[in-house]
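Peer 1: pasting the sequence and the predicted model now:
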Amino acid sequence: MVEERTTRPAKSWGPAEAALAWPAAVFVGTLSYLFVLQAGDYSSAIPERPGGHIGRAVGQLASGEALRDDTMPLVWQMLLLIPGWVVLLGVCWMFAGALGHERVGWSLRGEPSDIALGVFSGAALQVPLLVIVVLIMQAIFGDFEQSGRALALVDLADTWPKVILLVAAVGVGAPIVEEMFYRGVVQRWLVDAVGPVLGIGIASVIFGAVHLSLIEFVPLTVVGVILGILFWKTGRLLPAVIAHMTFNMFTLVNLLVASRSG
């Protein structure tokens, strides 16, 4: 008599991979940043115009230093995103293999309609959804500056090659990496564990919190909810990636225009 064997499906990746990958990415990213900061003798501050530049000059004069622009160049700031991205996704992938977990949720294949759905959703996030969210926040907390640091970063993109690098990093690279991790790994596991409402909600709060901006926490959490719904409803990552790209591109264009006209 031949004994029948049943093969249990491999457990999908999730909390173990995310719990190891995220701190590892932060550690490697921070270490890389500090190395370049020290090697180039740069300042960790990104002066916001115009007061930040005046403050830097006053500080240098007061300490007897020569007047110089010690802001880390935009090229380095964008290139330093890469080590963290590689570690974030790489550790997830390798650790899942070591644990025998199934790697699911990272396919960027989709339907032609995913592009239109993503573009529409990303544009709708900017207008009117986030406009309404910001107006509500301003009504509660009063007027606040939302993009001073971002505008200062965009100011550094003073040539077309730098603009292209900024768009490639923030408009293309970041959305792909963040969606693969926060939706493809974190949310997919949370939805399986606690259901779509709590799963998408918790993943969105995590997504908003990791950007480390108190002012942007609520808007980014709302963005995370919409991106999470796209991934959950379609079962594909591509619509969320396209929506995220559209959202970031819209923001970049607005900031670039504001920077040139300011």
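Peer 2: Right, received. Where do you want to start? Residues are numbered from 1 along each chain as shown.
Peer 1: give me the element residue 88 is part of.
Peer 2: helix 81-99 (DSSP states H and E).
Peer 1: give me the next element, helix or strand, following that helix.
Peer 2: Sequence order places helix 112-124 as the next helix or strand after helix 81-99, per DSSP H and E.
Peer 1: verify the stated contact: residue 26 with residue 84.
Peer 2: Yes - here residue 26 reaches residue 84: they are 7.1 Å apart, a contact under CB atoms under 8 Å. Every residue, glycine included, has its C-beta placed from N, CA and C.
Peer 1: more neighbours: which of those two?
Peer 2: residue 84 (21 against 14; other CB atoms under 10 Å).
Peer 1: show me what contacts the residue nearest to residue 172 when sequence neighbours are not counted?
Peer 2: Leaving out its chain neighbours, the residue that sits closest to residue 172 by CB to CB, 6 or more residues apart in numbering is residue 245, at 6.3 Å. Residue 245 sits next to 118, 122, 171-172, 175 when contact means CB atoms under 8 Å, 6 or more residues apart in numbering.
Peer 1: which of those count as buried?
Peer 2: 118, 122, 171, 175 (16 or more other CB atoms under 10 Å).
Peer 1: now the first one: closest residue in space that isn't a chain neighbour?
Peer 2: Nearest in space to residue 118, with sequence neighbours left out and distances taken as CB to CB, 6+ apart, is residue 242 at 2.5 Å.
Peer 1: can you get me a residue count around that neighbour?
Peer 2: By the criterion of other CB under 10 Å, residue 242 has 24 neighbours.
Peer 1: so what's the residue count around the residue lying closest to residue 104 once chain neighbours are set aside?
Peer 2: Once flanking residues are discounted, residue 104 sits nearest to residue 12: 5.2 Å by CB to CB, 6+ apart. Neighbourhood size, residue 12 [other CB under 10 Å]: 16.
Peer 1: now residue 92
Peer 2: A total of 28 residues lie near residue 92 under the criterion other CB under 10 Å.
Peer 1: surely it touches residue 19?
Peer 2: No - using CB under 8 Å as the test, residue 92 is too far from residue 19 to be in contact (10.3 Å).
Peer 1: who touches both of the two?
Peer 2: By CB under 8 Å, 6+ apart, no residue touches both residue 92 and residue 19.
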